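Chemist: Below is the sequence, then the predicted model.
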Amino acid sequence: MDNEQSPTATWQAKHRELYERATRHPFILSIRDGTVDFSSFKRWLGQDYIFVGEFVPFVFSVLLKSWKESEIKSDMEIIFGGAAALSDELSWFKNEASKWGVDLCGITPFTANTEYCRFLQSFTTLDINYTVAATAFWAIETVYQESFSFCIEGDHKTPTELLGTCQRWGNSDFGQYCKSLQQIADRCIKKATADVVREAEEVFVSVLKHEIEFWNMSSSE
Ligand SMILES: Cc1ncc(CO)c(N)n1
């Protein structure tokens, strides 16, 4: 996509270092080169299940904002597609956890997770506008897409046991969905006031920082 036409692509380039730290984190690189510690993976799995539980109301709040604020009908359909997939995602987590012997009931969120969830909750209020929320939504999904797709492309040594997880977010349909979210965010940002554009960029940077902390939390002892 042409940077001139895509504010989000401009931000990806402008914040390249942070973006790489979020999408090429040592935890992801360890999955890709096969050296991942399975206890880290299990920690990530339990923590992400908690995160997705909080992500559900976040996504529905974006859906509600799109219904109220977007004049483009297809926005709501795309966002609703993402929202509807979360039911299946929660089942996937339960199934995966039982395969790995992770007890989802006994999990306490770590600080990085609690802070990320609090960040998500801050978007559900009515004073956060659609442009800013759509930017956050795009960024959150895209970090996972770019991270996990890297584990299944090229000359990877991703352990067989983790291929399903990587495919869940790394598959090309999910990639296409992220591109649709990017188009929504770009269209909104181009029409937004300077204040809103600044706020959306700040939110993009915050998402990257939260994602890095989330990976750090998963991979540390
Ligand atoms: C921490 C985190 N970021 C993004 C996603 C993508 O939905 C997820 N499941 N968890």
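Modeler: Yep, that arrived.
Chemist: Asp195 - how many residues pack around it?
Modeler: The number of residues packed near Asp195 is 8, by other Cβ atoms under 10 Å. In this view, the C-beta of every residue, glycine as well, is placed from N, C-alpha and C.
Chemist: before we move on, could you check phi and psi at Ile107?
Modeler: Dihedral pair for Ile107: phi -100, psi 130, per degrees, to the nearest 10.
Chemist: cool, and Gly34?
Modeler: Per-residue torsions, Gly34: phi 80, psi 10 (degrees, to the nearest 10).
Chemist: Please apply the same query to Arg24.
Modeler: Main-chain dihedrals, Arg24, degrees, to the nearest 10: phi -130, psi 40.
Chemist: go on, Thr158?
Modeler: Dihedral angles (degrees, to the nearest 10) for Thr158: phi -60, psi 130.
Chemist: which ones are touching it?
Modeler: If you count contacts by Cβ atoms under 8 Å, 6 or more residues apart in numbering, Thr158 has them with 31-32, 34, 151-152, 166.
Chemist: Which members of these are positioned in strands?
Modeler: If you go by DSSP state E, those have nothing in strands.
Chemist: Neighbour-wise, which one of those leads?
Modeler: Most surrounded of the contacts of Thr158: other Cβ under 10 Å gives Ile31, at 28 neighbours.
Chemist: ok, whichever residue of the chain sits closest to the ligand to Trp100 distance?
Modeler: For the chain and the ligand, the shortest gap (Cβ to the nearest ligand atom) falls at Tyr144, measuring 3.9 Å. Using Cβ to Cβ, to the nearest Å, Tyr144 is found at 19 Å from Trp100.
Chemist: buried ones in the helix or strand hosting Ser74?
Modeler: With elements taken from DSSP states H and E, the one containing Ser74 is helix 73-100. Residues 75-76, 78-79, 82-83, 86, 89, 92-93, 96-97 are the ones in helix 73-100 that count as buried (16 or more other Cβ atoms under 10 Å).
Chemist: Where does Lys157 sit: helix, strand or coil?
Modeler: coil (DSSP: H, G, I helix; E, B strand; the rest coil).
Chemist: Can you name the residues that contact the nearest residue in space to it that is not next to it in sequence?
Modeler: Distance criterion Cβ to Cβ, 6 or more residues apart in numbering; nearest residue to Lys157, sequence neighbours excluded, is Gly34 at 3.6 Å. Gly34 makes contact with 157-159, according to Cβ under 8 Å, 6+ apart.
Chemist: now swap in Asp103 and tell me
Modeler: Ala97.
Chemist: again, but for Glu141
Modeler: 82, 174, 177-178, 181.
Chemist: Using neighbour counts, pick out the buried residues of the longest helix belonging to the chain.
Modeler: Longest helix in the chain, counting residues (DSSP state H): helix 38-69. For helix 38-69, the neighbour count (16+ other Cβ under 10 Å) marks 40-52, 54-55, 58-59, 61-66 as buried.
Chemist: Same question for stretch 191-206.
Modeler: For stretch 191-206, using 16+ other Cβ under 10 Å, the buried residues are 192, 196-197, 199-201, 203-205.
Chemist: Then stretch 151-168?
Modeler: Neighbour counts over stretch 151-168 (16+ other Cβ under 10 Å) mark 151-152, 158-159, 162, 165-168 as buried.
Chemist: Stretch 25-34 now?
Modeler: Those buried within stretch 25-34 under the rule 16+ other Cβ under 10 Å are 25, 27-28, 30-32.
Chemist: could I get it in CSV with only the CA atoms?
Modeler: C-alpha atoms of stretch 25-34 as CSV (Å, rounded to 0.1, in the frame of the first residue of the first chain):
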residue,chain,number,x,y,z
HIS,A,25,9.9,-10.7,19.6
PRO,A,26,12.4,-13.3,21.0
PHE,A,27,9.5,-15.4,22.1
ILE,A,28,8.2,-15.6,18.5
LEU,A,29,11.7,-16.1,17.1
SER,A,30,12.1,-19.0,19.5
ILE,A,31,8.9,-20.6,18.2
ARG,A,32,10.1,-20.2,14.7
ASP,A,33,13.6,-21.6,15.3
GLY,A,34,12.2,-24.5,17.4
